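*Asks:* Turn this into a model:
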Amino acid sequence: MRYRPFGSAGQAVSALTLSLGARDISRGPEAGRELVYSALEAGINSYRLCSADPVLAEVLGDALQHVDRKLVQVALTLGAGDGRRGSDRDFSAEGMTAAIDRTLHASRLGWFDLAILHEPAEHELPQSSLNALKALRATERVRLLGVSGDGEVMDAYVSTGAFDVLATPYHVNSPWQIRHRLRVAREQDMAIFVYDYFPESLDTAKKAASVHVEKKGFLGFGRPKGRSKNDPLAGAGTFAFLHQTNAWSAEAICLAYALTDPSVSSVLIEAPDVERLNALALVPDRDMPPGLAAQIEMARIAGIKAA
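*Replies:* Here you go, the predicted structure:
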């Protein structure tokens, strides 16, 4: 596992962050603890609670109880909810404070390194809520504050300077707005977490091969109407190669691509079982095959020109 700088305190986090949600404890607390143990063995020292579910928090706290607290980074997402106990989307001062205190008590972790507000709307954070967040930092229940989402309002939150971390979707075919936001966040000295690195639009060979082909291609790329699917250039300008690269799965390629951006502190992953976790944990130590990055850029630019 490789590690990257996180925050101004010089803490290092693993290139992968394990997200834990209701699914991970649906088979019981022991299944959740086993997943965390496997992540620790793989070198992952960064974890995210997808909601303020105290049961989930207790499972993570139990699994980390014998690890030096300063060596692990734990984030809590507020406002997302994951279906276990309904949505915890309450950005009021009282709601956020209660959620953090409740989760801290259940986990016995002492503090959260990061609290992430999930997709707050433009007017969803009144001054009283911002004051509550400052109070949580002052008492060191929360060390850093983050905001996540992909809407245009994220640009406003990034520009305020009130947040230390940006969590954003980012993948091989991310639009220019996301890439611009990453650049602005870097200039603001924000740490960057990315998620949705393997989007649904590319998760099957058929979907990946059909990207851009219904539009006019760039410099002849793409499959114009009438071109046979057996044509050796039929997949050019698409992301078909993601599912055609020897010894690499499409998901592994997309994950490796997200990690090529030096501004990314960590990529949020989900693992339904230990086998998939271990497979993903191997990716940061692998180098993408020569020429693959160029193929990705050609396909991405073809999509921009075809739009």
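*Asks:* Checking residue 12 next. Helix, strand or coil?
*Replies:* Following DSSP: H, G, I helix; E, B strand; the rest coil, the label given to residue 12 is strand.
*Asks:* Quick check: closest non-adjacent residue to it.
*Replies:* Distances taken as Cβ to Cβ, 6 or more residues apart in numbering place residue 3 nearest to residue 12, at 4.2 Å, with adjacent residues excluded. C-beta here means a position set from N, CA and C on the backbone, and glycine is covered the same way.
*Asks:* residues near that neighbour, how many?
*Replies:* When counting by other Cβ atoms under 10 Å, one arrives at 16 neighbours for residue 3.
*Asks:* ok, now which ones touch it?
*Replies:* The neighbours of residue 3, taking Cβ atoms under 8 Å, 6 or more residues apart in numbering as the test, are 12-15, 45.
*Asks:* for residue 277, same thing?
*Replies:* If a contact means Cβ under 8 Å, 6+ apart, then residue 277 has 18, 35, 38-39, 42, 269, 271 as its contacts.
*Asks:* Minimum pLDDT in those, which residue is that?
*Replies:* By pLDDT, residue 271 ranks lowest within those, coming in at 92.
*Asks:* Which residue is the nearest non-sequential neighbour of that one?
*Replies:* The shortest distance from residue 271 to any residue other than its chain neighbours is 3.6 Å, reached at residue 277 (Cβ to Cβ, 6+ apart).
*Asks:* Helices of the stretch 151-300 of the chain, start to end?
*Replies:* Ranges of helices in the stretch 151-300 of the chain, per DSSP state H, counting those that start in this stretch, are 153-160, 176-187, 205-210, 250-259, 274-281, 292-306.
*Asks:* Those helices: which one's closest to residue 76?
*Replies:* helix 153-160 (17.7 Å; Cβ to Cβ).
*Asks:* what mean pLDDT would you report for stretch 291-303?
*Replies:* Stretch 291-303 shows a mean pLDDT of 82.
*Asks:* With stretch 92-107 instead?
*Replies:* Here stretch 92-107 scores 94 as its mean pLDDT.
*Asks:* Stretch 119-139 now?
*Replies:* Rounded mean pLDDT across stretch 119-139 is 89.
*Asks:* hey, C-alpha coordinates of it in CSV?
*Replies:* The C-alpha trace of stretch 119-139 is given here as CSV (Å, rounded to 0.1, in the frame of the first residue of the first chain):
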residue,chain,number,x,y,z
GLU,A,119,-24.1,17.6,-0.9
PRO,A,120,-25.3,20.5,1.3
ALA,A,121,-27.6,22.8,-0.7
GLU,A,122,-26.8,26.4,-1.2
HIS,A,123,-28.8,27.6,1.8
GLU,A,124,-28.6,24.5,3.9
LEU,A,125,-25.8,25.7,6.1
PRO,A,126,-26.9,28.7,8.2
GLN,A,127,-24.5,30.6,10.3
SER,A,128,-25.5,28.7,13.4
SER,A,129,-24.4,25.4,11.7
LEU,A,130,-21.1,26.9,10.7
ASN,A,131,-20.6,28.1,14.3
ALA,A,132,-21.4,24.6,15.6
LEU,A,133,-18.8,23.1,13.2
LYS,A,134,-16.2,25.6,14.5
ALA,A,135,-17.1,24.6,18.1
LEU,A,136,-16.6,20.9,17.3
ARG,A,137,-13.2,21.7,15.9
ALA,A,138,-12.3,23.8,18.9
THR,A,139,-13.1,21.0,21.3
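*Asks:* going forward can the numbers begin at 15, since that is how I track them
*Replies:* All set: I'll call the first residue 15, so the last point we hit is now stretch 133-153.
*Asks:* mind listing what's buried in it?
*Replies:* For stretch 133-153, the neighbour count (16 or more other Cβ atoms under 10 Å) marks 133-134, 139, 143, 146-147, 150 as buried.
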